[in-house]
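A.B. asks: Whatever this is, show me its structure:
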Amino acid sequence: MNNDFLNLKDQQVLYELKDYLAKIPVPSTLMEATKDLPFNILVAVTSEQVSVNIMYVPLPEDHFQEIRLFQLYSLLVEAVPAKQKNDILVLLNELNDRCPVGTFFLNEQAELGFKYIFPAARFEIPKEGSFIEIFTLYLNSLMSFRDIIIQVSNGTLLLNDVFKELGIHKD
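C.D. replies: Numbering: from 1, shown residues only. Reported below is the predicted structural model:
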């Protein structure tokens, strides 16, 4: 399929989502794809100053005719210090079991983030109510643990103290 067509369809959906978010009110900006930015990304910023990048995840066209993958993504820490990585990995493993949606992760560049990926009909615009509920659930899951994760990553909160607070018993 023509990449220009897909790009325009993505923009149409993301502009619609921008309108949905404005109603709750969450301001957002659409960054349209360019040669330097290969994907359209809707960047929403909540009143708590949490940034959520909303975009379609590229998939091989010949494998998926009816769906696309839609992603919500937030960067929490740009670079987790090496001395905190093990504690963060243990913590993220525990917290991911407690999240109703989304996954906290630490990538190879030591970036700590939260994302939720779900399938969507290939060319349909998501229904407003469904999208707002997904967005709200994503934010609630993220905000439930964001501050704890950031404090452990910067060393101001010990992993054992987090486990005590959350009622997690580790031997």
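A.B. asks: tell me which residues in stretch 90-107 are buried?
C.D. replies: Neighbour-count burial for stretch 90-107, with 16 or more other Cβ atoms under 10 Å as criterion, is recorded at L91, L92, E94, L95, C99, G102, F104, L106. C-beta: built from backbone N, CA, C; applies to glycine.
A.B. asks: and the closest residue to H169 other than its chain neighbours, what element?
C.D. replies: With Cβ to Cβ, 6 or more residues apart in numbering as the criterion, H169 has its nearest non-adjacent residue at 7.3 Å, and that residue is F163. Using DSSP states H and E, F163 sits within helix 159-166.
A.B. asks: bridging residues for the residue nearest the centre of the chain?
C.D. replies: Taking Cα atoms, centre = their mean as the criterion, Y73 is the residue nearest the geometric centre of the chain, at 2.0 Å. Residues found in beta-bridge contact with Y73 (criterion: DSSP bridges) are N53, K115.
A.B. asks: where does it land on pLDDT?
C.D. replies: The pLDDT attached to Y73 in the predicted structure is 97.
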